[in-house]
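*Asks:* My questions concern the predicted model and sequence given below.
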Amino acid sequence: GILGQRKTKVGESVERGIKTIRLPALRFPMVNNLYLLGLEELIVRLRPDVIICHGIVFLTSIRVARLRRRLPEVKLIFDDHMTYNATRGGIFNYIYALFKSVFTPAILKSADAIVAVTYETKKFMQQIYGIPREKIKVIPLGVDTTLFRRDPVSREKIRAKHCIPDDDVVFIYAGKITPEK
């Protein structure tokens, strides 16, 4: 309810000046995963210069890795932000074990780069996914400081509007709101 309507129609559109293609999908809520219908055909047709797969243990990443032979000129980058505290145990332990033994070799063979957003994520990727340490680059998340910077006047206005005392510590969370977070 806080985030509002999250479903978007299938098709092509321009969102914030960027051409976007949304494919129909089959949902697997138990493992928080999607199967995008027509993904391989679309990628082969578009022949992008670079594909960035966010989240290594997803069907999409595995499917994209398998396209390496058909698109040798495309740069494939796999990034991940998983950490130990976000693992859920249960069936996921089996999924990670399956991934490590079956799919990690395909990711390693196809990837031009494998990126972790923290050193903890790098350690997780080494131990849980079985990706060799030297194959993982760490590129920390950042912020554009020309857009987001300290503004004492805005700080004062916002605190006054919300009746927050000047000496209170305020945290802002900008991630998705889910029980795991």
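*Replies:* Okay, I see it.

*Asks:* drop to CA atoms for contacts and neighbour counts, all remaining ones
*Replies:* Fine.

*Asks:* May I have the longest helix along the chain exported as PDB, CA atoms only?
*Replies:* Criterion DSSP state H: the longest helix present in the chain is helix 152-161. Taking C-alpha atoms only, helix 152-161 is exported to PDB below (Å, rounded to 0.1, in the frame of the first residue of the first chain):
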ATOM      1  CA  PRO A 152      21.300  23.000   6.400                       C
ATOM      2  CA  VAL A 153      18.300  25.100   5.300                       C
ATOM      3  CA  SER A 154      16.300  22.100   4.000                       C
ATOM      4  CA  ARG A 155      17.300  20.100   7.200                       C
ATOM      5  CA  GLU A 156      15.800  22.900   9.400                       C
ATOM      6  CA  LYS A 157      12.600  23.100   7.300                       C
ATOM      7  CA  ILE A 158      12.000  19.300   7.300                       C
ATOM      8  CA  ARG A 159      12.600  19.000  11.000                       C
ATOM      9  CA  ALA A 160      10.300  21.900  11.800                       C
ATOM     10  CA  LYS A 161       7.600  20.400   9.500                       C
END
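
*Asks:* Touching it from outside, list them.
*Replies:* Helix 152-161 has contacts (Cα atoms under 8 Å, 6 or more residues apart in numbering) with 165, 166.

*Asks:* Show the subsequent helix or strand relative to the helix or strand of the chain with the lowest mean pLDDT.
*Replies:* When each helix and strand of the chain is scored by mean pLDDT, DSSP states H and E, helix 91-98 comes last, with a mean of 79. Using DSSP states H and E, the next helix or strand after helix 91-98 towards the C-terminus is helix 104-110.

*Asks:* Could you pull out the buried residues of the longest helix of the chain?
*Replies:* Across helix 152-161, burial judged by 16 or more other Cα atoms under 10 Å covers no residue at all.

*Asks:* So that it lines up with my notes, have the first residue be 42 from now on.
*Replies:* Yep, numbering from 42; the last one is helix 193-202 now.

*Asks:* Can you pull up the most central residue in the chain?
*Replies:* The centre of the chain sits closest to residue 95, judged by Cα atoms, centre = their mean, with a distance of 3.5 Å.

*Asks:* And that one, how close does it get to residue 119?
*Replies:* 6 Å (Cα to Cα, to the nearest Å).

*Asks:* Need the overlap of contacts for the two.
*Replies:* residue 102.

*Asks:* Can you give me the distance of the residue nearest to residue 64 when sequence neighbours are not counted to residue 80?
*Replies:* Distances taken as Cα to Cα, 6 or more residues apart in numbering place residue 51 nearest to residue 64, at 5.5 Å, with adjacent residues excluded. For residue 51, the distance to residue 80 (Cα to Cα) stands at 13 Å.
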